[in-house]
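Undergrad: I'd like to go over a predicted model; first the sequence, then the structure.
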Amino acid sequence: MNYKNLTLDISDQPRQIATLCLNRPETGNALNKELIAEMHKALDQLEQTPTRLLILKANGKHFCTGADLNWMKQSKALSKEENHQDARQLASLIQRLDQFPAPTIAAIQGAAFGGALGLITACDIAIASKSAKFCLSEVKLGLIPAVISPYVVRAMGARQARRYFLSAETISSKQALRLNLIHERCKEQDLSSTVKALCDQIIQNAPVAMAEAKRLIDDVNHQLIDEDLIDLTCERIASIRISPEGQEGLSAFLEKRAPDWGEPSANKKPSANKKPLANKKPSAEEQHHD
């Protein structure tokens, strides 16, 4: 498939690593309707393509400088309903990236402003160059970081969001690491090699098990540790132990050999036949605060 605003590369077997690269360097890879639409199409393509890992990166000086200026100008003329539909495209994109079954890694250089923080915090792992800068700049424009807020608040927590949503101050890579926006920082010239080293580590792991591990995190996060949750975790480990990957992994370990994970299937969501817990939140009395 031909893309105008991005490139999509899928390495040959057996690694099968996909690299989705934003490719509007002349605009700082700013987000607009066309880029978002193409990212949706790229994810559509990856859903039908066996892929063990997805890297999200950008061409040029900046990862993503936020919303494109012309796109923002166009939004001024839209009705509330049209703005809602416009925002839904970005919201859906970030959600799809967040729920992508295979591991995802964001590689960040230069500026990562506004909506870029949504893309980054939707990825499983984020690695940035030491010179990278981050900013939740929306309030400077009379706006709010609404669409990206669930992912950014999940990463940095509500207390930190109160500061950075309101101050719109620039965040250094060192601060971003402390705020859990990124996992690691490195010299800019080492960004590619750092990401590659992590890919080499992750690619050894069982693909179905990693997808199930991602789903497990979502299902246990912020749940009460009660009998329902304990039963869910026991059911999940019992199911994975008798799965083909579980059997192969245990056999390989006992036989002291490398496991053969076989060919990864297309990147569709894990089976939902094992139902998660209801979204049960603790009461005020049951919550524990640091």
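TA: Good, I have the coordinates.
Undergrad: make it CA atoms for all contacts and neighbour counts henceforth
TA: Noted.
Undergrad: quick one: low-confidence ranges for this protein?
TA: 13-14, 269-290 (pLDDT under 70).
Undergrad: Centroid-nearest residue for it?
TA: Cys123 (1.5 Å; CA atoms, centre = their mean).
Undergrad: Distance-wise, check the nearest residue to it once chain neighbours are set aside relative to Thr51.
TA: Spatial nearest neighbour of Cys123, excluding adjacent residues (CA to CA, 6 or more residues apart in numbering): Thr104 at 5.2 Å. The gap separating Thr104 from Thr51 is 11 Å, by CA to CA, to the nearest Å.
Undergrad: that older thread, dihedrals phi and psi, the residue nearest to Cys123?
TA: phi -130, psi 140 (degrees, to the nearest 10).
Undergrad: neighbours around it, how many?
TA: Applying other CA atoms under 10 Å, we find 24 residues neighbouring Thr104.
Undergrad: Is it bridged to anything, and to what?
TA: Leu54 (DSSP bridges).
Undergrad: Please list all residues in contact with it.
TA: Taking CA atoms under 8 Å, 6 or more residues apart in numbering as the criterion, Thr104 is in contact with 53-56, 123-125.
Undergrad: Among these, which one has the most neighbours?
TA: Neighbour tally across the contacts of Thr104 (other CA under 10 Å): the maximum, 25 neighbours, falls on Leu54.
Undergrad: Correct me if wrong: that one contacts Ile105.
TA: Yes: here Leu54 reaches Ile105: they are 6.4 Å apart, a contact under CA atoms under 8 Å.
Undergrad: how close does Met210 sit to Pro264?
TA: The gap separating Met210 from Pro264 is 11 Å, by CA to CA.
Undergrad: swap that for Glu227, please
TA: 34 Å.
Undergrad: The two: who's more crowded?
TA: Pro264 (18 against 9).
Undergrad: Quick one: residues contacting that one.
TA: By CA under 8 Å, 6+ apart, the contact list for Pro264 reads 50-52, 207-208.
Undergrad: Let's see that with 6 Å instead.
TA: Each residue near Pro264 by CA atoms under 6 Å, 6 or more residues apart in numbering is listed here: Pro50.
Undergrad: Which helix or strand contains it?
TA: Assignment of secondary structure by DSSP states H and E places Pro264 within no helix or strand.
Undergrad: Is Ser251 located within a helix, as I assumed?
TA: Yes: judged by DSSP: H, G, I helix; E, B strand; the rest coil, Ser251 forms part of a helix.
Undergrad: Look at it and say how many residues are nearby.
TA: 14.
Undergrad: just Asp231 next, same as before
TA: 11.
Undergrad: State the three-state secondary structure for it.
TA: Using three-state DSSP, the structure places Asp231 in helix.
Undergrad: start the count at 55, not 1, going forward
TA: Fine by me, first position is 55 from now on; the one you just mentioned is Asp285.
Undergrad: And the helices in the stretch 105-254 of the chain, which stretches?
TA: 123-129, 134-152, 170-176, 203-210, 212-221, 227-232, 245-256 (DSSP state H, counting those that start in this stretch).
Undergrad: Looking at these, which one is packed in the most?
TA: Neighbour counts (mean count of other CA atoms under 10 Å) averaged over each of the helices of the stretch 105-254 of the chain peak at helix 170-176, with a mean of 26.
Undergrad: Show me how far that helix is from its chain's centre.
TA: Averaging C-alpha positions (CA atoms, centre = their mean, to the nearest Å) puts helix 170-176 7 Å from its chain's average.
Undergrad: what does stretch 129-139 give?
TA: Averaged C-alpha coordinates place stretch 129-139 at 27 Å from its chain's average position (CA atoms, centre = their mean).
Undergrad: Ok, stretch 255-275 next?
TA: Distance of stretch 255-275 from its chain centroid, counting by CA atoms, centre = their mean, is 13 Å.
Undergrad: Please save the CA atoms from it in CSV.
TA: Listed next in CSV are the C-alpha coordinates belonging to stretch 255-275 (Å, rounded to 0.1, in the frame of the first residue of the first chain):
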residue,chain,number,x,y,z
GLN,A,255,15.2,-8.8,23.8
ILE,A,256,11.5,-8.7,23.1
ILE,A,257,11.5,-10.7,19.9
GLN,A,258,12.7,-13.8,21.8
ASN,A,259,9.4,-13.9,23.8
ALA,A,260,6.3,-15.8,23.0
PRO,A,261,4.0,-13.6,20.8
VAL,A,262,0.6,-14.9,22.1
ALA,A,263,1.8,-14.8,25.7
MET,A,264,2.9,-11.2,25.2
ALA,A,265,-0.5,-10.3,23.8
GLU,A,266,-2.2,-12.0,26.8
ALA,A,267,0.2,-10.3,29.2
LYS,A,268,-0.9,-6.9,27.8
ARG,A,269,-4.6,-7.9,28.2
LEU,A,270,-3.9,-9.1,31.8
ILE,A,271,-2.5,-5.7,32.7
ASP,A,272,-5.7,-3.9,31.6
ASP,A,273,-7.9,-6.4,33.4
VAL,A,274,-6.1,-6.3,36.8
ASN,A,275,-5.2,-2.6,36.8
